[in-house]
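> model the following, please.
(one chain, ligands or ions: 1)
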Amino acid sequence: MTYLYAIFRHLFVYAALFILVVYFVEAQRPLLRDWFLPLPWIGYVALGVSAVIALQFGRSRLFWCCVMLAILLLIGHEKIDLSSEFSRRLPLIVLMILSYLSCVKDSGFSGHNVAVTLVKLFVVTVLSWAALTYLPALVQNHLSPMYTFANQIAPGLNAIYTPLEWLLVGLALVTCLLRFIFVTDNNHAALLLGALLVAIMPAYSGFELHSVLTLVLATSFVYAMLKDSFNMAFKDELTGVPSRRALMQYVNTLGRKYVVVMADIDHFKKFNDTYGHDVGDEVLKLVASRLNKIGGGGKAFRFGGEEFIMIFPRKTPQQALPFVEQIRQLIADYPIALREKPRPKKAPKRGTGKPNQGKTVKITASFGIAKRSSEFNQFSDIMKQADIALYTAKKAGRNCVQLAKQPE
Ligand SMILES: Nc1nc2c(ncn2[C@@H]2O[C@H](COP(=O)(O)OP(=O)(O)OP(=O)(O)O)[C@@H](O)[C@H]2O)c(=O)[nH]1
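Numbering: from 1, shown residues only. Next comes the predicted model:
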């Protein structure tokens, strides 16, 4: 569910950006030309900044995208004298390269890897060129109906690309979309946006409009890199909730009144030993997603291992208690469906042997609550108090909440 939500959230943001850009460029062509005419360098500067950040962050794919876009812009700027056929095909080739880059991993910037990537990009370029040159002859008989079909959809389509080129554009865009669905992050969303904007570039003649599209793309690349790096640094990789580092940063923003709740899954070692570490990981994700939904203004963090911390700013332990109780109950009541055991290599004969039925289990967690007070005003001291309360909860039989013994 969270995975689907992440896909739709990203798609919504980037699709909205794409539509906004296209609408703005369509509606404001003369205005944009006036704005960008005195700024012929702006697209290059944006790409340069994005490329430098990509270098610093080790995002080689976005770096190569910036290089490709700079070449595209340069040729659009007619700074390089090449045959018009090459200029016409270049957006398609860049599109193919973008879809290729969305399918591979960041390989970094070591001399060897840069050389290998350049060779691969060259191969993609040659293959794309060959496809654009030889495919029309192969599908000659289908070309005329394809032109008619494209004309029926929208009369202007054939003026931008030939129907065969449209097919290649579609293929490249679907590849980027599928890669984004498989690896849902900002980098892949930016690559998808990049592919979309490069695909529509031939529809907009004029260097200024290309500069606008490049500027949008370079900015989205920078945003994607910063956002993904932020997530890596401040979100726990397994559970997706804010990490210990995020907690330490958050603590600095707290005022003089707050409550710290320490949560720990009960008998988790036994659970891991019984059902395996992978199932243990799934349980951790589940518990984290419950804790993440805590009410009362509480904020959950994974502290490490099977321990979580929740902070309630501007609350007393008594005010936080009902929300913690609610979450404890939610976790305890939730039946966890265990995945079916892996099928045996040799399938039992039909009618013999019982189906490998999935089992459900339940898990509980214990909680310790402490507040900031004049006696315990350092975060580490309040944590220690919450930990003592948690230990008391464990001693009291687990699956319960204990308040630290602190002066009122
Ligand atoms: N699957 C999984 N297990 C983890 C992870 N981090 C820590 N653990 C396990 O969590 C278990 C913690 O066990 P203990 O601290 O002994 O406590 P417990 O078994 O939960 O018992 P009580 O806390 O006393 O109820 C260890 O077996 C760790 O290996 C993780 O990321 N994934």
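> when you work out contacts or count neighbours from here on, use the C-alpha atoms and nothing else.
Will do.
> residues contacting residue 125?
93, 96-97 (C-alpha atoms under 8 Å, 6 or more residues apart in numbering).
> need the pLDDT of it.
Note on residue 125: pLDDT of 93.
> also the one 4 residues further on?
At residue 129 the predicted local confidence, pLDDT, stands at 90.
> could you dump the contacts of residue 125 to a markdown table with distance to the ligand?
Compiled in a markdown table, the contacts of residue 125 are given as follows (distance: C-alpha to the nearest ligand atom, whole Å):
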| residue | distance to the ligand |
| --- | --- |
| 93 | 44 |
| 96 | 39 |
| 97 | 38 |
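> just the residues you listed: which are in helices?
Among those, DSSP state H puts 93, 96-97 in helices.
> tally of neighbours for residue 379?
15 (other C-alpha atoms under 10 Å).
> next up, the contacts around it.
251, 372.
> re the thing from before, what's the PyMOL line that selects buried ones from the ones in helices among the contacts of residue 125?
Here is the PyMOL selection string for the buried members of the ones in helices among the contacts of residue 125, based on 16 or more other C-alpha atoms under 10 Å:
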select buried, resi 93+96+97
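> quick one on the thing from earlier: any chance of a markdown table for the contacts of residue 125, columns distance to residue 281 and pLDDT?
Converted to a markdown table, the contacts of residue 125 look like this (distance: C-alpha to C-alpha, whole Å; pLDDT from 0 to 100):
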| residue | distance to residue 281 | pLDDT |
| --- | --- | --- |
| 93 | 43 | 91 |
| 96 | 38 | 93 |
| 97 | 37 | 94 |
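> ok, the residues you listed vs residue 15, which is closest?
Among the contacts of residue 125, residue 96 lies closest to residue 15 (C-alpha to C-alpha), at 20.3 Å.
> which other helices and strands contact whatever helix or strand residue 52 lives in?
Per DSSP states H and E, residue 52 falls inside helix 42-57. In terms of contacts (3 or more C-alpha pairs under 8 Å, 6 or more residues apart in numbering; DSSP states H and E), helix 42-57 is packed against helix 60-76, helix 207-234.
> the shortest one versus helix 42-57: what angle between them?
Comparing the axes of helix 60-76 and helix 42-57 via axes from the mean of the first three to the mean of the last three C-alpha atoms, to 10 degrees yields an angle of 160 degrees.
> how far off centre is helix 60-76?
22 Å (C-alpha atoms, centre = their mean, to the nearest Å).
> which elements pack onto that helix?
Identification of packing neighbours for helix 60-76 by 3+ C-alpha pairs under 8 Å, 6+ apart yields helix 42-57, helix 84-103, helix 207-234.
> and the second one, what other elements does it pack with?
Other elements packing on helix 84-103 under the criterion 3+ C-alpha pairs under 8 Å, 6+ apart are helix 60-76, helix 111-138, helix 163-182, helix 186-200.
> buried residues in the longest one?
Neighbour-count burial for helix 111-138, counted by 16+ other C-alpha under 10 Å, picks out 117, 121, 124-125, 128-129, 132, 136.
> so what's the gap between it and the chain middle?
28 Å.
> is it true that residue 257 touches residue 313?
Yes - at 6.5 Å, residue 257 counts as touching residue 313 under the criterion of C-alpha atoms under 8 Å.
> tell me which of those two has more neighbours.
Higher neighbour count among residue 257 and residue 313: residue 313, with 21 against 14, using other C-alpha under 10 Å.
> in the sheet, who's paired with the more buried one?
Per DSSP bridges, the residues bridged to residue 313 are residue 258.
> got a list of what it touches?
Taking C-alpha under 8 Å, 6+ apart as the criterion, residue 313 is in contact with 254-255, 257-259, 297-298.
> how about 7 Å then?
254, 257-259 (C-alpha atoms under 7 Å, 6 or more residues apart in numbering).
> okay, now the domains of the protein?
According to automatic domain parsing, the chain comprises the domains 2-234, 244-340+358-403.
> and these, which one's lowest on average pLDDT?
domain 2-234 (a mean of 82).
> and that domain, how far from the chain's centre?
Worked out by C-alpha atoms, centre = their mean, domain 2-234 lies 19 Å from the chain centre.
> appreciated, that's everything.
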